[in-house]
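S.K.: no FASTA, just this:
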């Protein structure tokens, strides 16, 4: 039986990946809630792939609570191109941080995974028990395997060492500090950048990958930050838990929504030679909802906020 801990405002908190989209959202949430004792390191200051560096950091700082939001991430192209890097680097990061949380007596640790852990053709919506019930989507299999290993590592350390390590699996994310590099980004930031640039440069059309038929669910990073805080304070079970919004949209309709909000007047061209990825990925969010958490930001409002804050576009 894991001992239950509640973070105090003065608890020493380490957010791995605090400059990324997820980590920065967690940091903003905790700051708004009045937490003030953070130990933070950029990737330049602390290479989480380096076992000795991570061991030295934990021994020196002794954080009480850890949010593991650091990872090597990317879209279909990056995942499929740098398969070895995605597997090796994510395993290194997870192994080092999770193990040092155990060695240094961290009270509670939250590991963040991804919805890509589920089998490509799993029943929808995706329930937590569908893990390892079928083949993974081939384009992001290395990343998914790393994340599955992280979940199983948390479970194993709970079982063997009685560590209070929990895991959360968010759906597709977007928001502040997202990656808009077209070679590495996920679908939504890529679409936003493509439409913004097409409007600025008066391009006659925007090219979009695939057929437009896959269905995707999108959660704003601010909502995820809030969910991570909620879980750290309220969830102590060994099973990982989904974090989603329960609503899905086709890639075609997503492109049309971004087109509308950017007020782009050109055409859409679909490059069907490019992969679609998993046909559908809708998370079953019922477990988290029963605990009392639901997201607050709609997809339209979330995209509008990005256009206004990052691109200075007043969306309708």
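M.R.: Structure received. As the structure is a prediction and not an experimental result, all values here were calculated from the model. Residues are numbered from 1 along each chain as shown.
S.K.: how about the helices in the stretch 101-250 of the chain?
M.R.: 141-161, 187-200, 221-234 (DSSP state H, counting those that start in this stretch).
S.K.: tabulate those (JSON lines), appending distance to residue 4, mean neighbour count and mean pLDDT.
M.R.: Quick note: C-beta positions are derived from backbone N, CA and C, even for glycine. Putting those into JSON lines (distance: least, CB to CB, whole Å; neighbours: other CB atoms under 10 Å; pLDDT from 0 to 100) gives the following:
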{"stretch": "helix 141-161", "distance to residue 4": "13", "mean neighbour count": "19", "mean pLDDT": "97"}
{"stretch": "helix 187-200", "distance to residue 4": "37", "mean neighbour count": "21", "mean pLDDT": "94"}
{"stretch": "helix 221-234", "distance to residue 4": "10", "mean neighbour count": "22", "mean pLDDT": "98"}
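S.K.: any chance of these in TSV, with distance to residue 301 too?
M.R.: Shown next, in TSV, are the helices of the stretch 101-250 of the chain (distance: least, CB to CB, whole Å):
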stretch	distance to residue 301
helix 141-161	29
helix 187-200	14
helix 221-234	11
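S.K.: who wins for proximity to residue 40 among those helices?
M.R.: Of all these, the one in closest proximity to residue 40, counting by CB to CB, is helix 221-234 (14.9 Å).
S.K.: which other residues reach the closest one?
M.R.: 6-7, 21-22, 24-30, 33, 65, 67, 69, 108, 110, 112, 166, 168, 170, 173-178, 241, 243, 245, 288, 291-293, 295-297 (CB atoms under 8 Å, 6 or more residues apart in numbering).
S.K.: now with 7 Å, please.
M.R.: 6-7, 21-22, 25-26, 28-30, 33, 65, 67, 108, 110, 166, 168, 170, 173-176, 241, 243, 288, 291, 293, 295-297 (CB atoms under 7 Å, 6 or more residues apart in numbering).
S.K.: go on, stretch 121-133?
M.R.: 115, 117-119, 134, 239-242, 280-284, 287.
S.K.: so which of these are in strands?
M.R.: The strands, defined by DSSP state E, take in 241, 242, 280, 281 from those.
S.K.: so which of the residues you listed comes closest to residue 48?
M.R.: Closest to residue 48, out of all of those and judged by CB to CB, is residue 241, at 23.5 Å.
S.K.: per-residue pLDDT of the closest one, please?
M.R.: Model confidence at residue 241, expressed as pLDDT, equals 98.
S.K.: adjust the sequence numbering to begin at 59 for everything that follows.
M.R.: Sure, I'll start counting at 59 from here, so that last one is residue 299.
S.K.: quick one: residues contacting it.
M.R.: 186, 226, 289, 293, 345, 346.
S.K.: quick check: the two most widely separated of those?
M.R.: 186 and 289 (13.5 Å).
S.K.: pLDDT below threshold where in this structure?
M.R.: 59-60 (pLDDT under 70).
S.K.: cutoff 80 now
M.R.: 59-61, 132-136, 240-243, 335-336, 374 (pLDDT under 80).
S.K.: strands along that one, start to end?
M.R.: 71-74, 96-97, 123-126, 166-170, 223-228, 230-232, 263-267, 273-274, 276-278, 299-301, 307-308, 325-329, 338-339.
S.K.: the fourth one: how far from the chain's middle?
M.R.: Offset of strand 166-170 from its chain centre (CA atoms, centre = their mean, to the nearest Å): 13 Å.
S.K.: who are the packing partners of it?
M.R.: For strand 166-170, the packing partners by 3 or more CB pairs under 7 Å, 6 or more residues apart in numbering; DSSP states H and E come out as strand 123-126, helix 141-161, strand 223-228, helix 279-292.
S.K.: who touches the longest one?
M.R.: Spelled out, it's helix 141-161. Contacts to helix 141-161, defined as CB under 7 Å, 6+ apart, come from residues 74, 106-107, 109, 112-113, 116, 124, 126, 128-130, 137, 167, 169, 200-201, 203-204, 207-208, 211-212, 215, 219, 221, 223.
S.K.: buried residues in that helix?
M.R.: For helix 141-161, burial by neighbour count (16 or more other CB atoms under 10 Å) applies to 141, 144-145, 147-160.
S.K.: off-centre distance for it?
M.R.: 16 Å.
S.K.: quick one: it to strand 223-228, angle?
M.R.: Helix 141-161 runs at 140 degrees relative to strand 223-228, counting by axes from the mean of the first three to the mean of the last three CA atoms, to 10 degrees.
S.K.: now do the last one
M.R.: Between helix 279-292 and strand 223-228, the angle comes out at 150 degrees (the same axes, to 10 degrees).
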